[in-house]
Every structure is written in C-alpha cells, then in structure tokens.
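> need coordinates for the following:
(chains A and B)
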Amino acid sequence: MRKILIATTALMGLTAAPALAQTIGVSIPAATHGWAGALNFHAERTVQRLQEANPDLQFVLTTTSDPGQQVSDLEDMVATRGIDALVVLPFESEPLTGPIQRIAESGVWVTVVDRGLAQEGIENLYVAGDNDSFGRTAGQYFADTLEDGAKVVVMRGIASTVDNERVAGFEAALEGSGIEVLAMDHGNWNRDTAFNLMQDWLSRFPEIDAVWAADDDMAVGALAAIDQAGRTDQMFVVGGAGMKEMVQRIQNNDPTVPVNVTYPPSMISTAIEMTALGLTSGAPMSGEFIIASELITPENAENYYFEDSPY
Amino acid sequence: MARSAPTRRPKVNLAVIAPIVALIALILIGMALNPNFLSYANITNVLARSAFIGIIAIGMTFVITAGGLDLSVGSMAAFVAGLMILSMNVLVQSMGPGLPVIMAGIAIALATGLAAGFINGILITRAGIEAFILTLGTMGIYRSLVTWLADGGTLSLGFEMRELYRPVYYGGIMGISWPIIVFAVLAILGEIVMRHTAFGRHCAAIGSNEKVARYSSVAVLRVRLMTYVLLGVLVGIAVVMYVPRLGSASATTGLLWELEAIAAVIIGGTLLKGGFGRVWGTVVGVLILSLIGNLLNLTDFVSPYLNGAIQGVVIILAVVLQRNPGAAR
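Here you go, the predicted model:
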C-alpha cells in the first residue's frame, strides 16, 4: 500500500506540468513557549524560501493552540485547499491519530513531525527529535561529572509523552551513579513557573549540586532564582534545546551553565523540505528521520549559535 | 473562633473570618511540613511573587464590586510587558542606559495599561457590550499582539538595562523588597477607597442595583468606566514590578492571571455578582493561592500531577465556608 502510494506521488511529481501547482499543508502548534516560537519561526522561513524557489508549490500554514482546533484546521485544508501533502506536528497523539489516518487514506502524503501518532504505519515520513536521547545525554553528563551522593533537582515540562520519555531517559542514565534526585516537579516549560519552583526548592534543600531543567526557558527562571539566593557557585544548571543565550554562556565558559543538550526546533524545516523535495523531484523520502540530541560544550558551542533565531 | 465574639448573627462572623481561618490553617500546615517555611527567604519569596496577581486583584475587586468582570488582564499584562521591553530596548539606543530609560519604560507601561483599561471600559459602558464577551475578545487580542511583537519567541530586555532595572524586583528598603512594599501600599489605599470614598460606595451601589443607583444620581457609566481604567493602571504597575524579575515577556507571560485574580477576589469574600467588595479579603485570597503553590513545592506530600486539584479544593472550601444565605442577595 505504502509503495503504491509513494509510486503515485513520485509519478505525480514527475509528470506534473509547471501549471499544475501542488499544495502542501503545514499544521503546527501555536507559539506558546520559546521552543514552539522558534518552530513557528523556522516553519515560516522555510515556507517562504520554498515558495520563492519553487512557484509550483503552494503552502497553507496554520498554527493551533489545542487538539480540537487542529482537527478542524486539517479538515479545512483537505476540504477547501485540496492539499497534496501534509506536514503535521500533532498537538496530542491520541486525538489526532484518527483524523490524520483518514487524510492519509485519501491519498495525501503525510509527514508527521516530532510527536508520533498513536498507531504505527499511518505516516509516509516521520521526522522527529529523540526525546530519550535528550534526557539520556543530560543524565549521562550528570553521571560523568557529579560525584557519588550528589544531590540534584529536576524540572519537568508540561505533563506529556514527550516529557515522560525525556525523564525516563534521564533516569536511566543516572542509574547506578549514586546521584540522588531530591525532587522532581513540573515547571511547564515556563520561565515564571520555573522561577517560583526553584525559589521554593532553594528554601527547602540546603544542598543542591545540580539542576536539570528540561528546557532552556525553565533554565532561565531557575538561574534567576539561584542568583537571587546567592547560591550561584554551589550548583550548575543544565537546560535543553539550545537557546542562544545559553549557548553563549557555554561559549564563555560559564561554570554555572557548563553544557546544553540540543533538540532543534528547525526540525520542522527538515520535514517541510523533505516533503517538498519528495513532491517535486520524486526522490524517495519515506521512512523515519530521527535527529539525535547532541551535547553542546564550550568546544563545539559556536556550531549551535544562531544569531537571528528568536530562540 | 466564631464563638469567642458572640453577636446576634454568628454566621456573618464566619463569613468575615473564613478567609483568615483558611490562611492561618495553611500557615500552620506549612510550619508542620517544613521547618524552612517561616524562613525569611521563603516568606519574602511568597509575598513578592504574590504582588503581581495581588496588585491586579485589587483593581479586579472594584470591577467585580461594580458588577463587572475583566478577563483580559493576564493578556493585557503580557502585552504591556512586551511593549515596555520593546520600547526600552529602542530608547536605550538613543538615550543610553540609565535612569531616564527606566522612567520612560515605566511611563509607557502605565500609559498603555491606562489606555487598555479605557478601551475595555468605554466599549462596555458606551457601546453596551457584555463585559464577559468584550474582555474575552480583548484577551485574545492582547495575547496575539504580544506573540506578534515577540515574533512567537521571547522579548528580552537588553543586558545593561536588565542589570540597572533589576533592583526594582530584588531590591528594597530594610530587607523588604519593592514589590511587597508597593503591594502593601496599594492594598491599604484600595481598602480606604473602597470603604471611605464616594467612588467605593458608588461601585457597591451600582453592583447591588444599577437602577436604584442611577435614580440616586450616581454617574453609573462614569464610575463603571473608572473601575476598568483603574484596573488597567494597576496592571501597568504590576508589569513595572514584573519586568525586572526575569527581564522578559513571551506569549506565556501572565497566562491565567485573570482567573487567579478573580479567584482571589471571590475567596476574599467579594460577591461575584457585585454589590459588595472587600479589598483586604482579596489580599488574603491572593496569599492563600500563592501559599498553596508554595506548600506543594516544599513537600512531596502529593503528586505534582495533583497540584491543580489541591488548589481547586482549597478555593471551593474557602468559598463554601463563607456562604451565608442571610447576607447573600
């Protein structure tokens, strides 16, 4: 089934006359936090670039703030714009699986980004970051640098499968290292929540050696609270996703922010580009494309610093 | 406690002291759970972080007392913060880092807050749009505007200005930080205005019975408009205190502040349908809400997944305690 579908898509790509424009629908979550903001930034830039480079391609870009709205957006795209391909970052896996499956069955090429669907084999292309590796890389750094018996606190994101996978990876890497996790709570990928949470943890625990804030927005809040308490030299903070302020601090050999772990929001560009390429060139694009999380250190930090990115 | 001061209607007493009882209960629980609860650092942390919602909730008390509602304050705060940061970043290029830029930023924040409150108020009073719907609309507008201003990311104050402006949140006099001082002063002023001025009494009169108020020659529309303008200015003041904390604003700034402020007002004993307002009650309500969050962070007593449930239960309990069929209209 999948082979036939790819073949048809490829054929369409080959035989498409210049006048026959193809439409790619892109549906992503709204910019509700820094990472999603950067996602929007990269999506818009890629769409603009591809549109200029390729007049035969048309794009529909929608941003949503809840799963219900995303389903409606997808229905509208199919009904009114007759999309040939869909690039979607599902807001939530479960509620979006059915609607996306129906779209895939109608012959539309489907690229799923970052958040996998609840059922396997629906999408033609899956582009995602590696959440397990995101947590594991941070955990590995903790296990390598901290001594036996060191005390750490963990700030989790919004309760979701993404967050669960990251924390599972982190915990797996800590296993057997003798590092004690004092507390774990949800900072919701939000600066203010993280600030309050860190303040309270600093009152509660006289000794903290390190903080894992599973996102750089939370790391910003945590760092401000630590600074306020005057305990900057007692602990280090590892965030994640490579916000440019954090990368800069790593570059400057800041002992409080020694490393960071990538989870590039520009993966949406990868997904859109691959989809467009598959549609126009007929090059095979189906399968999975997993972008590994890497450790940003003072040595390689310059490769991860993007001056004009909003994140 | 109610029995120690017997009056003809002891239930009225319960209604008055219920929020205080809840607050004391929370403090006692906190002391039992964690020895650091009453530490100087923790108390100042909780008070300072309450200041944003608290300052807004004081204004909300007047709006609700006059029979209105404002759902836009959280988004408004985010928008004002975004605009303030943007303009300070621009001004610093021409004026150089220094006090004038901070003063200009504060003026812009207050003016934007005032203008936003005025827009809400004028549309509600003159165009006759239901407050709930109108402010639901402006809530979406301000939230989108800040997202647009920030290009979907985060607006950050330049490094030099951040260092200069920082003391407004972290500094203070005699160990009491500025947000706490401003919150306290505004709360006292609010209580005085509510109890002892014509404006405060007019708010209650309008919320209680608009027609009767109009026949008693109360300038209903103007007073109502003033409540929204006052709230807008207070949002501006809250932002002036908020921006120096992390020096940034994004689409998630001030998320759900409107509901926290409304909840604090109601926990404090102000009637949601208007007609009776209590500023000191609002202050207690704000403290109750912040303390719950603080306590949950200080213990492993409940799963973090259930934080929202605990907050919900305490809000409902606090309101149930002061339900008083005799006084409710």
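
> going forward, measure contacts and count neighbours with C-alpha atoms only.
Noted.

> so where does B:Pro244 fall, helix or strand?
Per DSSP states H and E: B:Pro244 is located in helix B:220-246.

> other SSEs contacting the helix or strand following that helix?
Following helix B:220-246 in sequence order, the next helix or strand is strand B:248-250 (DSSP H and E). For strand B:248-250, the packing partners by 3 or more Cα pairs under 8 Å, 6 or more residues apart in numbering or on different chains; DSSP states H and E come out as helix B:73-95, strand B:154-156.

> ok, and what's touching strand B:248-250?
A:33-34, B:78, B:81-82, B:85, B:146-147, B:150, B:152-157, B:243 (Cα atoms under 8 Å, 6 or more residues apart in numbering or on different chains).

> which of those residues has the largest number of neighbours?
B:Ala81 (33 neighbours; other Cα atoms under 10 Å in any protein chain shown).

> was I right about that one contacting B:Ala111?
No. Using Cα atoms under 8 Å, B:Ala81 is not in contact with B:Ala111; the gap is 12.0 Å.

> what's the domain layout of chain A?
What the record gives for chain A is the domain set A:22-129+A:265-292, A:131-262, from the TED database.

> rebuild these as CSV, extending it with mean pLDDT and distance to B:Gly68.
Formatted as CSV, the domains of chain A follow (pLDDT from 0 to 100; distance: least, Cα to Cα, whole Å):
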stretch, mean pLDDT, distance to B:Gly68
domain A:22-129+A:265-292, 88, 28
domain A:131-262, 92, 29
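
> so which of the ones you listed is nearest B:Leu23?
With Cα to Cα, the closest approach to B:Leu23 among those belongs to domain A:131-262: 18.6 Å.

> export stretch B:238-257 as CSV, just CAs?
Taking C-alpha atoms only, stretch B:238-257 is exported to CSV below (Å, rounded to 0.1, in the frame of the first residue of the first chain):
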residue,chain,number,x,y,z
ALA,B,238,2.1,45.1,38.2
VAL,B,239,4.1,44.9,35.0
VAL,B,240,6.5,47.6,36.2
MET,B,241,7.2,45.1,39.1
TYR,B,242,7.2,42.0,36.9
VAL,B,243,9.6,43.0,34.1
PRO,B,244,12.7,43.4,36.3
ARG,B,245,12.3,39.9,37.7
LEU,B,246,13.3,37.9,34.6
GLY,B,247,13.6,40.8,32.1
SER,B,248,11.5,39.0,29.5
ALA,B,249,8.0,38.7,28.2
SER,B,250,6.6,36.0,25.9
ALA,B,251,3.3,34.5,24.8
THR,B,252,3.1,32.7,28.1
THR,B,253,3.6,35.7,30.3
GLY,B,254,0.6,36.3,32.6
LEU,B,255,-1.2,33.1,31.5
LEU,B,256,-4.3,32.5,33.6
TRP,B,257,-3.6,35.6,35.8
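
> if we go by neighbour counts, what in it is buried?
Residues of stretch B:238-257 classed as buried: B:238-255, B:257 (neighbour count, 16 or more other Cα atoms under 10 Å in any protein chain shown).

> one more: stretch B:161-176?
B:Met161, B:Arg162, B:Tyr165, B:Arg166, B:Val168, B:Tyr169, B:Tyr170.

> export these to JSON lines and tack on secondary structure and distance to A:Ala53?
JSON lines is the format used below for the buried residues of stretch B:161-176 (DSSP: H, G, I helix; E, B strand; the rest coil; distance: Cα to Cα, whole Å):
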{"residue": "B:Met161", "secondary structure": "helix", "distance to A:Ala53": "41"}
{"residue": "B:Arg162", "secondary structure": "helix", "distance to A:Ala53": "42"}
{"residue": "B:Tyr165", "secondary structure": "helix", "distance to A:Ala53": "46"}
{"residue": "B:Arg166", "secondary structure": "coil", "distance to A:Ala53": "46"}
{"residue": "B:Val168", "secondary structure": "helix", "distance to A:Ala53": "50"}
{"residue": "B:Tyr169", "secondary structure": "helix", "distance to A:Ala53": "49"}
{"residue": "B:Tyr170", "secondary structure": "helix", "distance to A:Ala53": "51"}
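
> neighbours of whatever residue of chain A ends up closest to chain B, how many?
Residue nearest to chain B within chain A: A:Gly37 (4.2 Å; Cα to the nearest Cα). The tally of other residues near A:Gly37 (other Cα under 10 Å) stands at 26.

> three-state assignment of it?
For A:Gly37, the assignment made with DSSP: H, G, I helix; E, B strand; the rest coil gives helix.

> doesn't B:Trp148 make contact with it?
No. Between A:Gly37 and B:Trp148 there is no contact under Cα under 8 Å: 10.3 Å.

> if we can go back for a sec, now the domains of chain A in a markdown table, with distance to A:Tyr304?
A markdown table is the format used below for the domains of chain A (distance: least, Cα to Cα, whole Å):
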| stretch | distance to A:Tyr304 |
| --- | --- |
| domain A:22-129+A:265-292 | 12 |
| domain A:131-262 | 7 |
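
> nearest to B:Ile288, out of those domains?
Closest among the domains of chain A, using Cα to Cα: domain A:131-262, at 15.4 Å.

> gap between the two ends of that closest one?
Terminal residues of domain A:131-262 lie 10 Å apart, using Cα to Cα, to the nearest Å.

> likewise for stretch B:247-261?
Calculated as Cα to Cα, the first-to-last residue distance of stretch B:247-261 is 23 Å.

> quick revisit: which single one of the contacts of strand B:248-250 is nearest to B:Ala204?
B:Ala78 (29.6 Å).

> per-residue confidence at the closest one?
On pLDDT, B:Ala78 comes in at 95.

> nearest residue to it other than its sequence neighbours?
Once flanking residues are discounted, B:Ala78 sits nearest to B:Thr253: 5.2 Å by Cα to Cα, 6 or more residues apart in numbering or on different chains.

> list the contacts of the one you found.
A:Asp192, B:Gly74, B:Ser75, B:Ala77, B:Ala78.

> tell me which two of these sit farthest apart.
It's A:Asp192 and B:Ser75 that sit farthest apart of the contacts of B:Thr253, by Cα to Cα, at 14.9 Å.

> count the neighbours of B:Arg195 for me.
16.

> tell me the SS of B:Met139?
Classification of B:Met139 using three-state DSSP returns helix.

> then A:Trp212?
Applying three-state DSSP: A:Trp212 is strand.

> next up, the contacts around it.
A:Ala138, A:Val152, A:Val153, A:Val154, A:Met155, A:Val237, A:Val238, A:Gly239.

> most neighbours among those, please name it.
A:Ala138 leads the contacts of A:Trp212 on contacts (other Cα under 10 Å) with 31 neighbours.

> can you get me a residue count around A:Val259?
26.

> sorry, that was for A:Gln119
If we define neighbours as other Cα under 10 Å, then A:Gln119 has 12 of them.

> do the one 4 residues further on as well
Residues contacting A:Glu123 under the criterion other Cα under 10 Å number 27.

> of all the contacts of strand B:248-250, which comes closest to A:Pro298?
Out of the contacts of strand B:248-250, the member with the shortest distance to A:Pro298 (by Cα to Cα) is A:Gly34, at 22.9 Å.

> what sits closest to that closest one if chain neighbours are left out?
B:Gly153 (5.0 Å).

> what's the answer for A:Trp189, then?
A:Gly157 is the one closest to A:Trp189 (Cα to Cα, 6+ apart), at 4.9 Å.

> next: A:Lys151.
Counting by Cα to Cα, 6+ apart, A:Glu180 is the residue found nearest to A:Lys151 once chain neighbours are left out, at 4.9 Å.

> can you pull the phi/psi pair for the one you found?
phi -100, psi 120 (degrees, to the nearest 10).

> correct me if wrong: it contacts A:Val152.
Yes. Using Cα under 8 Å, A:Glu180 makes contact with A:Val152 at a distance of 6.2 Å.

> contact residues of chain B facing chain A?
Within chain B, the positions adjacent to chain A are B:34, B:36-37, B:39, B:41-42, B:45, B:49, B:147, B:151-154, B:170, B:245-246, B:250-253, B:294, B:297-298, B:300, B:304-305 by Cα under 8 Å from any Cα of the partner chain.

> sounds good, over and out.
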